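Q: This is the structure alone, sequence omitted:
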Ligand SMILES: [Fe+2]
């Protein structure tokens with residue numbers, strides 16, 4: 001079918017053959033065959049071509065209008081046409097309950113890091129290749145999140161996945177993901193993020209072979225754009241840069257498996273037709289992708305640092321008003337122009353727990369070898385900052401405008417709730433503890449300057465200090 005490329009989305013290219021609709025949080029409508037969507041109603045007595053109307057509500061029926069998310073699907077067979085649920089083979093690397101009472105979850109005050117996890121040599125698809133690293137809360141309380149890595153070398157074939165527990169923010173780090181969803185197709189490359197909401201069926205094909213990436217799964221709220229406050233109406237991740245699929249269907253009467261994740265447990269249904277048979281749809285419960293290179297960064301153009309919340313791409317609320325459950329931040333190429341300022345991240349402790357990853361490039365200022373695919377972890381109020389060498393260099397450098405993070409895309413999953421670390425991650429041979437010795441050399445400049453201190457005290461009529 002001939003399709004016009006939307007002028008506002010990614011130009012057609014050989015890395016992404018699909019077209020998209022743009023926006024964020026708005027209602028979309030899409031037909032793979034013209035005039036299939038019913039006019040003026042959602043459930044007419046008869047749909048065109050005998051299609052079935054199926055509604056999917058991502059939020060409570062009575063959620064306030066600005067939070068209410070639902071989509072109407074017009075499909076060849078309703079989702080209920082399957083042969084019942086059975087237990088699926090377990091993925092023992094998958095964890096969803098991060099209570100400290102769970103013996104498979106560990107608390108750590110230490111800064112931890114992981115070298116990139118190896119993609120297995122045996123056949124493993126996206127679902128089989130999920131490895132949970134850390135998280136908090138539990139999907140049954142609809143509060144909390146999980147951080148996974150996926151390690152896949154096999155496309156899903158006639159198999160689809162439904163995560164009933166949480167929305168997944170997926171960040172490919174190696175290899176593109178060709179994602180077929182009920183609402184259409186998305187091609188997602190390293191440097192792009194994709195969000196697939198809970199309850200939606202999707203399958204992942206690997207056009208570039210073995211693939212690795214990061215996932216943040218949130219159990220309760222949804223991803224939203226952060227408020228812009230005094231920034232005004234534009235900036236950070238702009239609404240028009242989020243891309244949603246268009247309706248696309250298959251006619252396929254072969255056998256399929258649908259794997260469901262419900263409260264962390266896997267179930268499977270079989271059916272004798274494709275789940276990707278939606279001819280038209282409309283609604284606002286729709287997967288989307290975003291190219292992170294489009295992020296409009298802001299920062300200080302006079303002096304000092306703005307809090308890292310300025311690097312927030314997407315945020316998700318906790319149940320405590322005003323407090324995010326999860327902020328997704330990126331650190332990408334930008335200018336640093338602050339005058340009279342100690343420019344590296346200042347020494348700090350803060351309430352949030354942090355998990356960092358690297359999509360591509362080099363992220364400087366770390367003691368360990370932080371490579372694309374690596375992970376680092378810091379619990380709340382864990383002190384961090386640069387080494388003596390970095391401190392000295394930054395204290396003495398000439399403050400000219402300079403580029404930072406050139407060719408790099410690093411990110412942070414930040415949570416107001418503390419992380420538990422899985423047994424798998426704690427026992428991984430890729431784990432290593434951050435070397436606290438990197439700060440041993442931070443000298444006591446105050447004692448070195450005691451003569452000057454005492455001169456100043458004396459001049460002020462105050463007693464001298466004996467170190
Ligand atoms: Fe920090």
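A: On my side now, so go ahead. Just so we're clear, the structure is a prediction, and the values are computed from it rather than from any experiment.

Q: what's the spacing between residue 195 and residue 288?
A: Counting by CB to CB, to the nearest Å, the gap between residue 195 and residue 288 amounts to 6 Å. Bear in mind the C-beta positions are built from the backbone N, C-alpha and C, glycine included.

Q: So between the two, which is more surrounded?
A: Neighbour comparison, residue 195 and residue 288: the larger count goes to residue 288, with 24 against 20 (by other CB atoms under 10 Å).

Q: hang on, isn't the more buried one packed against residue 240?
A: No. Shown here, residue 288 and residue 240 do not form a contact pair, counting by CB atoms under 8 Å, at 11.9 Å.

Q: quick check: domain ranges of this structure?
A: Recorded structural domains for the chain (assignment: automatic domain parsing) are 2-292, 296-447.

Q: so which of the ones you listed gets nearest residue 453?
A: Closest to residue 453 of those is domain 296-447 (CB to CB; 7.1 Å).

Q: just how off-centre is that closest one within its chain?
A: Put simply, domain 296-447 sits 17 Å off its chain's centre (CA atoms, centre = their mean, to the nearest Å).

Q: Can you check the distance spanned by that domain, start to finish?
A: Across its full length, domain 296-447 reaches 44 Å between end residues, using CA to CA, to the nearest Å.

Q: Quick check: mean pLDDT of it?
A: Regarding domain 296-447, the rounded mean pLDDT is 93.

Q: repeat for stretch 126-144
A: The model assigns stretch 126-144 a mean pLDDT of 97.

Q: Ok, stretch 172-189 next?
A: Per-residue scores along stretch 172-189 average to 98.

Q: what distance separates that stretch from the centre of its chain?
A: Chain-centre distance of stretch 172-189: 14 Å, with CA atoms, centre = their mean.

Q: and if you look at stretch 279-287?
A: Remark: stretch 279-287 is offset 22 Å from the chain centroid, using CA atoms, centre = their mean.

Q: what distance separates the start and the end of it?
A: Looking at stretch 279-287, the gap from its leading to its trailing residue is 16 Å under the measure CA to CA.

Q: Not counting residues beside it along the chain, what's closest to residue 283?
A: residue 71 (2.9 Å; CB to CB, 6 or more residues apart in numbering).

Q: State the mean pLDDT of the strand or helix carrying residue 258.
A: Per DSSP states H and E: residue 258 is located in strand 256-262. Strand 256-262 shows an average pLDDT of 98 in the prediction.

Q: What's the first helix or strand after that strand?
A: Once strand 256-262 ends, the next helix or strand along the chain (criterion: DSSP H and E) is strand 265-271.

Q: Report the buried residues of that following strand.
A: Residues of strand 265-271 classed as buried by neighbour count (16 or more other CB atoms under 10 Å): 266, 267, 268, 269, 271.

Q: Could you pull out the strands in the stretch 301-450 of the chain for me?
A: When secondary structure is read from DSSP state E, counting those that start in this stretch, the stretch 301-450 of the chain shows strands at 312-317, 324-331, 334-336, 353-360, 375-378, 402-404, 409-415, 420-422, 431-433.

Q: want to try a markdown table for those strands, with mean neighbour count and distance to residue 93 as columns?
A: Formatted as a markdown table, the entries for the strands of the stretch 301-450 of the chain read as follows, by neighbours: other CB atoms under 10 Å; distance: least, CB to CB, whole Å:
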| stretch | mean neighbour count | distance to residue 93 |
| --- | --- | --- |
| strand 312-317 | 21 | 24 |
| strand 324-331 | 22 | 21 |
| strand 334-336 | 15 | 36 |
| strand 353-360 | 22 | 17 |
| strand 375-378 | 24 | 15 |
| strand 402-404 | 13 | 36 |
| strand 409-415 | 24 | 18 |
| strand 420-422 | 25 | 8 |
| strand 431-433 | 14 | 14 |
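
Q: can you list those in a markdown table and add distance to residue 178?
A: As requested, the strands of the stretch 301-450 of the chain are arranged in a markdown table below (distance: least, CB to CB, whole Å):
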| stretch | distance to residue 178 |
| --- | --- |
| strand 312-317 | 23 |
| strand 324-331 | 23 |
| strand 334-336 | 31 |
| strand 353-360 | 18 |
| strand 375-378 | 25 |
| strand 402-404 | 33 |
| strand 409-415 | 21 |
| strand 420-422 | 29 |
| strand 431-433 | 32 |
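
Q: Okay, and the most centrally placed residue in the chain sits in which element?
A: Among the residues of the chain, residue 169 comes closest to the average C-alpha position under CA atoms, centre = their mean, at 3.8 Å. Following DSSP H and E, one finds residue 169 within strand 167-174.

Q: next one: that strand to chain centre, how far?
A: The gap between the average C-alpha position of strand 167-174 and the chain average comes to 6 Å, counting by CA atoms, centre = their mean.

Q: How about stretch 273-286?
A: Taking the mean C-alpha point of stretch 273-286 and that of its whole chain, the gap between them comes to 24 Å (CA atoms, centre = their mean).

Q: go on, stretch 450-464?
A: Between the mean C-alpha point of stretch 450-464 and the mean C-alpha point of its chain there is a distance of 53 Å (CA atoms, centre = their mean).

Q: Now do the buried residues in that stretch.
A: Applying a neighbour-count criterion of 16+ other CB under 10 Å, the buried positions in stretch 450-464 are residue 454.

Q: again, but for stretch 70-81
A: Applying a neighbour-count criterion of 16+ other CB under 10 Å, the buried positions in stretch 70-81 are 70, 71, 72, 73, 74, 75, 76, 77, 79.

Q: now, which of those residues lie within strands?
A: Among the buried residues of stretch 70-81, the ones falling in strands (DSSP state E) are 70, 71, 72, 73, 74, 75.

Q: residues touching residue 348, list them.
A: 383, 384, 385 (CB atoms under 8 Å, 6 or more residues apart in numbering).

Q: where do the strands sit along the stretch 151-300 of the chain?
A: For the stretch 151-300 of the chain, applying DSSP E, counting those that start in this stretch gives strands covering 159-163, 167-174, 177-181, 184-188, 192-196, 201-205, 211-218, 223-224, 242-245, 256-262, 265-271, 278-283, 288-291.
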